[in-house]
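K.L.:
Generate a structure from the sequence data that follows.
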Amino acid sequence: MRQQFFSGLSAIGLFLFLGNQPICAQSKTPKFEVGVQISSLSINPHSIICFDVCLVGSDRKYTEPGGGVRLTYNLTKNIGLEAEGNLFPREHNDFSLFGLSGRMSQGQFGAKVGKRFKRLGVFGKIRPGFVSFSKVSYLISTRTITFDFGRQVTIGQFGERRERFFSTDVGGVVEFYPSRHLMTRVDLSDTIIRYGLIFVPGYSASNAIQRISPETRHNFQFTAGIGLRF
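P.N.:
Sure, this is the predicted structure:
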């Protein structure tokens, strides 16, 4: 299905590029761009998580489909400032071992720098921002239990809340200009997510509170969309 979707998107882009509508010479680059896009973010979760034994590894990758909007202000012909937001509507409730679940959202804010031609633009981009999960495990409180034989264990009370993690979107952009006021765009990105400290329940009395240390992970992201320029 994904292959058919990308094939259809390529056909639309080719149609716009080769259409009969006359191409206006871009003597002056439009200052503003407003666009919508679809996006696919391949999440690369935390590395191996261990309790008394190692239960989960970093091979539990998953891909989230979504979409959003983008705003661009072109400072010059070759430099633009951008803000982009994406929502990934599918909700997950089965990633408790990672401490991350629910729905994802994303916001990136930064710059693209490159070269524009009559019908084509090629850019590099770097855009800091955040990736948000609607259900992130956190430790509310702890209490210590003492057994009759003198052994003590500490257990925790856990909850879930929305949490944002710092991200940086680095990659390349290709734009096509069927006319002065219409554009199509494809982004290939490495979305780098810096996860903070996360606490999840352990699975034994000796390890009832599991600490997942902060970690940086790289995630491939594909985005394609259309926009208006004015």
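
K.L.:
Quickly find the element holding T29.
P.N.:
Applying DSSP states H and E as the criterion places T29 outside every helix and strand.

K.L.:
and it, what does it touch?
P.N.:
74, 76-77, 116 (CB atoms under 8 Å, 6 or more residues apart in numbering). Heads up, the C-betas are built off the backbone N, CA and C, glycines and all.

K.L.:
now swap in F133 and tell me
P.N.:
Counting by CB under 8 Å, 6+ apart, F133 has contacts 100-104, 162-163, 165.

K.L.:
Now do the same contact list for Y138.
P.N.:
So Y138 contacts 158-161, 163, 198-199 (CB under 8 Å, 6+ apart).

K.L.:
Check the offset of the one helix or strand it maps to from the chain's centre.
P.N.:
Assigned by DSSP H and E, Y138 belongs to strand 120-146. Chain-centre distance of strand 120-146: 10 Å, with CA atoms, centre = their mean, to the nearest Å.

K.L.:
Quick check: buried residues in whichever helix or strand comes after it?
P.N.:
Going down the chain from strand 120-146, the next helix or strand is strand 152-179, by DSSP H and E. Of the residues in strand 152-179, those buried by neighbour count under the rule 16 or more other CB atoms under 10 Å are 156, 158, 163, 165, 167-169, 171, 173-178.

K.L.:
partners of strand 152-179 in the sheet?
P.N.:
strand 120-146 (antiparallel), strand 182-195 (antiparallel) (DSSP bridges).

K.L.:
Name the residues of the shortest one that come out as buried.
P.N.:
Taking 16+ other CB under 10 Å as the basis for neighbour counts, the residues of strand 182-195 that come out buried are 183-187, 189, 191-193, 195.

K.L.:
repeat for stretch 102-113
P.N.:
Under 16+ other CB under 10 Å, the buried positions of stretch 102-113 are 102-108, 110, 112.

K.L.:
next one: stretch 217-230
P.N.:
By neighbour count on 16+ other CB under 10 Å, the buried set for stretch 217-230 is 217, 219-227, 229.

K.L.:
What mean pLDDT does it get?
P.N.:
For stretch 217-230, the mean pLDDT works out to 97.

K.L.:
mind checking how far that stretch is from the chain centre?
P.N.:
10 Å.

K.L.:
ok, so of the buried residues of strand 152-179, who is nearest N207?
P.N.:
G156 (11.1 Å; CB to CB).

K.L.:
Point out where this protein drops to low pLDDT.
P.N.:
Along the chain, segments meeting pLDDT under 70 span 1-27, 47-59, 94-97.

K.L.:
Hmm, G171 is touching S189, no?
P.N.:
Yes. G171 lies in contact with S189 (CB atoms under 8 Å); the separation is 3.4 Å.

K.L.:
Between the two, which contacts overlap?
P.N.:
Common neighbours of G171 and S189 (CB under 8 Å, 6+ apart) are 125, 221.

K.L.:
and which of the buried residues of strand 152-179 is nearest I140?
P.N.:
Among the buried residues of strand 152-179, F158 lies closest to I140 (CB to CB), at 6.4 Å.

K.L.:
who's in contact with that closest one?
P.N.:
Here F158 is in contact with 137-140, 199-201 (CB under 8 Å, 6+ apart).

K.L.:
re earlier: closest one of the contacts of T29 to F147?
P.N.:
N74 (68.0 Å).
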